[in-house]
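**Q** Fold the following.
(one chain, ligands or ions: 2)
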Amino acid sequence: MNCPWCEFTGPPRPLHAHLGTVHPDVVRIVVEDHRQSYSIECPHCGESYSQFIKPRGRDPGFLDEHDAQIRLVALDMLVNHLIAEHIAEHIAEHIAEHIAEHGEKTP
Ligand SMILES: [Zn+2]
Ligand SMILES: [Zn+2]
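**A** Ligands and ions are numbered 1, 2, ... in the order given. Sure, this is the predicted structure:
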């Protein structure tokens, strides 16, 4: 899988770890009327996912404490989205490129 933001390639789990360490800022955390939500937008198709964050109790430190984890959850949704929506497309492109380069018969 390709990182949508840089040259990194790897299987889903390392990609997820990569996103969490290199691109945690692609997850937006919005606070509105005391309700917090995170959102992430797919850079390929613009589809966005958002979800309310439900802190246990009214701990004001919740967001700071769990910031990294919240971002990882959001990035997990993005990785799943990339697999579901964009991997098939990529594979088709690669096959087409391969055929263009090597002809139909190469495995
Ligand atoms: Zn990257
Ligand atoms: Zn997408």
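
**Q** Now do the same contact list for Val73.
**A** Residues near Val73 by C-beta atoms under 8 Å, 6 or more residues apart in numbering: Tyr38, Gln51. Just so you know, the C-beta spots here come from the backbone N, C-alpha and C atoms, and that holds for glycine as well.

**Q** all helices of the chain, in order?
**A** Along the chain, counting by DSSP state H, helices occupy 12-22, 62-81, 88-102.

**Q** Just give the number of residues close to Ala74.
**A** 23 (other C-beta atoms under 10 Å).

**Q** and what of the one 10 residues further on?
**A** By other C-beta under 10 Å, 9 other residues sit near Ala84.

**Q** and Glu41, which of the helices of the chain is closest to it?
**A** Between Glu41 and these, the shortest separation by C-beta to C-beta is 8.7 Å, and it involves helix 62-81.

**Q** Could you point out which of the helices of the chain sits nearest Trp5?
**A** helix 12-22 (7.8 Å).

**Q** Determine how far the worst-scoring helix or strand of the chain on mean pLDDT lies from the middle of the whole chain.
**A** Counting by mean pLDDT, DSSP states H and E, the chain has its least confident helix or strand at helix 88-102, which shows a mean of 82. Counting by C-alpha atoms, centre = their mean, to the nearest Å, helix 88-102 is centred 23 Å from the centre of its parent chain.

**Q** Check stretch 24-40 too.
**A** Using C-alpha atoms, centre = their mean, the offset of stretch 24-40 from its chain centre is 15 Å.
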